[in-house]
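Student: Whatever this is, show me its structure:
(chains A and B)
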Amino acid sequence: MRNPWMQTGNYRTSYRQDTTIFATYSEQLSLIVLLLSLLFLPMFLSRPQMFVVDLILVYALAVVGLNITTGYAGLISIGHAAFVGVGAYTAALLAPALPFWLTVPLGGLAAAIAGGIVGIPSLRIKHLYLAIATLAFQLIFEWGVGHSTLLQQGGAIAMPRVVFAGYKVGYKNHYYFWYYVTLVVLIVLAFAFRNLLRTKYGRALVAVRDNDRAADAMGMHPGLTKIFAFALGAFYAGVAGGLYAYLSRAVVIEDYMLNVSIELLAMSIVGGLGSMVGSFLGPAFLVLLDLNMEDFANWLKALGMSLPGVDIASAMRPLTFGLVIVLFLVFEPRGLANWWRLVRNYFKNWPFKY
Amino acid sequence: MSYFVQLLVSGLVVGSIYALAALGFVLIYKASRVINFAQGEFIAVGAFVVYALSVYLGMNIWLALVISLLLTAVLGFFVERVFLRPLVGQPIISVIMVTIGLASLLEGAIHLTPFGGGNFSFPSFLPQKGIEFAGISVSYPQVLAVFFTLIFLAVFAWFFQRSTLGIAMRAVADDQMAAMSLGVSVEKVFALAWAAAGITAAAAGFIVGTVSGINLGGLVSIGLRVFPVVILGGLDSIPGAVIGGIAIGILENLATGYLDPLVPGGGTGGVFPFVVLLLVLWFKPYGLFGTEEIERV
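Tutor: Next up is the predicted model:
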């Protein structure tokens, strides 16, 4: 292995090399190029486009969290939007008193505590039963918010505009400001998790997913690991919730309901469960698909292709959403991340076939 | 006292709807270990088909019901073939998600028909006046609901105890490998379970339609209420589905009757079953009649 830039395959010879985050220099370089281009991306986008990009980033953060719980630790969570909601509501309640760089992490912390509590049944039950327990948590959360006067019974709670380092974020630069904030948070948290995966705690997650009895016999603590997985995934979700609250400038229960939980699950599956790249590709794919479907439905309506009493737009969304999930599960269960892997390997091994 | 009995009666009616819906759910789980998140949409399809046939085409409501039962059976059969068959042996999360995707697809398809929004009610075919008994009033649709559930239970009980196919289904639920080696077609059993689930869903939808009006949101939410029912009764127990269904229906009505005045905003009936669900999961995860899973490394 003389020239690390020209590496065409996997030449790692020691365990230490195998646990590095980056396999090759070119991987490092391509990541730096990607981050730089993300830094300059806002220069080329208009305000509405910026909002879409922000949305994708926030969803990506939540999906990274879901991937920790469901993808890496194998605990199916149908209540992830509720964790996002816990973060958002915490941020909303604290926002009048504290600056955003405190409310957002505190939202994450509140969500982590909620996640730990929801994770307690996982000491005893697993798989399907656990999935149903998280579903129950989601519905109880919705009901709880809907009946609490403190939280406006699920109605809109306005979020204040923020002032950062003496600089007031107004209408014009709102989406740009939150783009950079979300980007930084996402990069930091994604790296943190990537690093965690190399430690014994991270590997314990995967071991418990693959076989918790065997992990127990090897000296890991499956119960604590599961609760840790729930709390960590919920922390990411809570931070995403806080950011989403500031971004959309209001907290409404509709953004944290069961259908959002399902959407997050769909994003992680379309992206590829248990893969970091997938956590970014999935949200991007589904958010863009959703927007295009709205346009498509409006276009169909303009063509006069609608029956009386039928709302094409409300039919199109669940139809395409369901179709995407089903098609991915049947034809590409490993998700978009697998396509990414194939493309990358092609270039990595070029000019050889494999 | 009569208030309490009145709540019990309406709970029993709601409970029999849940019991029917849960029956289909349990049949699928028992045969193929698949959790069906699309049960609510199946119920909606069944109810709307009856409505469309009886109102738009002016059919006799009983004929419409029979056609609806057949159609949902075919739908269940088709769903198993197209969506579930390719996923045999995939992780649980994939199987759960495919039924969620299916639910979304069916909902979208219903939105393409005029049934996407608004309330609909069946043409009334039963006497308007109910039965009065010691201060408790019971309407004919309510009687019909309970009666209908009993018929279905009897049919299913006969089917599982006596018919060859039913015994084959029990064999597959018991041990797939052994059943296969004895010549039972496991694929046929899976398809049959889905078809049977479609039938029970349509029956549940029909009862909802006779007892109250139907709308998409309400019918779909029954699909969610099935979860407390099956967890309480045990995921793989048919008597559990029935007893759990009736228990949850009664609990829900009692909660609405006695807790709602205490809680600002009310709506405790909707959330109470899920609190029960969590409690059951904590203290008796496999429910009243479910088989405990024993795992080996």
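Student: Give the buried residues for the longest helix seen in chain B.
Tutor: Scanning chain B for the longest helix, with DSSP state H as the assignment, gives helix B:2-32. Neighbour-count burial for helix B:2-32, with 16 or more other Cβ atoms under 10 Å in any protein chain shown as criterion, is recorded at B:6-32. All C-beta atoms are positioned from the backbone trio N, CA, C, and that covers glycine.
Student: Counting neighbours, which bits of the one helix or strand residue A:101 maps to end up buried?
Tutor: Here residue A:101 sits within helix A:100-119, counting by DSSP states H and E. Buried residues in helix A:100-119, counted by 16+ other Cβ under 10 Å: A:100, A:103-116, A:118-119.
Student: okay but residue A:255 is in contact with residue A:247, surely?
Tutor: No - under the contact definition of Cβ atoms under 8 Å, residue A:255 does not touch residue A:247, with a separation of 10.7 Å.
Student: thinking again about what came up before, for the longest helix of chain B, what is the average pLDDT?
Tutor: Per-residue confidence for helix B:2-32 averages out to 86 on the pLDDT scale.
Student: ok, is the next helix or strand after that helix in contact with chain A or not?
Tutor: Once helix B:2-32 ends, the next helix or strand along the chain (criterion: DSSP H and E) is helix B:39-51. No - contact check for helix B:39-51 against chain A, using Cβ under 8 Å from any Cβ of the partner chain: none in range, with a minimum separation of 9.9 Å.
Student: Next, the buried residues of the following helix or strand past helix B:39-51.
Tutor: Next in sequence after helix B:39-51, counting helices and strands by DSSP H and E, comes helix B:61-79. Using 16+ other Cβ under 10 Å as the test for burial, helix B:61-79 gives B:61, B:64-65, B:67-69, B:71-73, B:75-77, B:79.
Student: how far out from the middle of the chain is helix B:61-79?
Tutor: The gap between the average C-alpha position of helix B:61-79 and the chain average comes to 15 Å, counting by Cα atoms, centre = their mean, to the nearest Å.
Student: one step back: so for residue A:255 and residue A:247, which residues contact both of them?
Tutor: Taking Cβ atoms under 8 Å, 6 or more residues apart in numbering or on different chains as the contact criterion, residue A:255 and residue A:247 have no common neighbours.
Student: Can you tell me which residues in the stretch 51-200 of chain A are near chain B?
Tutor: Residues of the stretch 51-200 of chain A lying near chain B (Cβ under 8 Å from any Cβ): A:70, A:76, A:121, A:124-125, A:127-129, A:131-133, A:135-137, A:139-140, A:143, A:146-147, A:149, A:153.
Student: Please enumerate the helices of the stretch 51-200 of chain B.
Tutor: B:61-79, B:92-111, B:140-162, B:164-174, B:176-181, B:186-211 (DSSP state H, counting those that start in this stretch).
Student: if we can go back for a sec, and which of the buried residues of helix B:61-79 is nearest to chain A?
Tutor: Distance ranking of these against chain A, using Cβ to the nearest Cβ, places residue B:79 first at 10.3 Å.
Student: wait, doesn't the closest one sit right on residue B:103?
Tutor: No - counting by Cβ under 8 Å, no contact exists between residue B:79 and residue B:103, whose distance comes to 10.7 Å.
Student: Now do the shared contacts for the two.
Tutor: Applying Cβ under 8 Å, 6+ apart, one finds that residue B:79 and residue B:103 are jointly contacted by residue B:38.
Student: Pick out whichever of residue A:255 and residue A:247 has more residues nearby.
Tutor: residue A:247 (21 against 16; other Cβ atoms under 10 Å in any protein chain shown).
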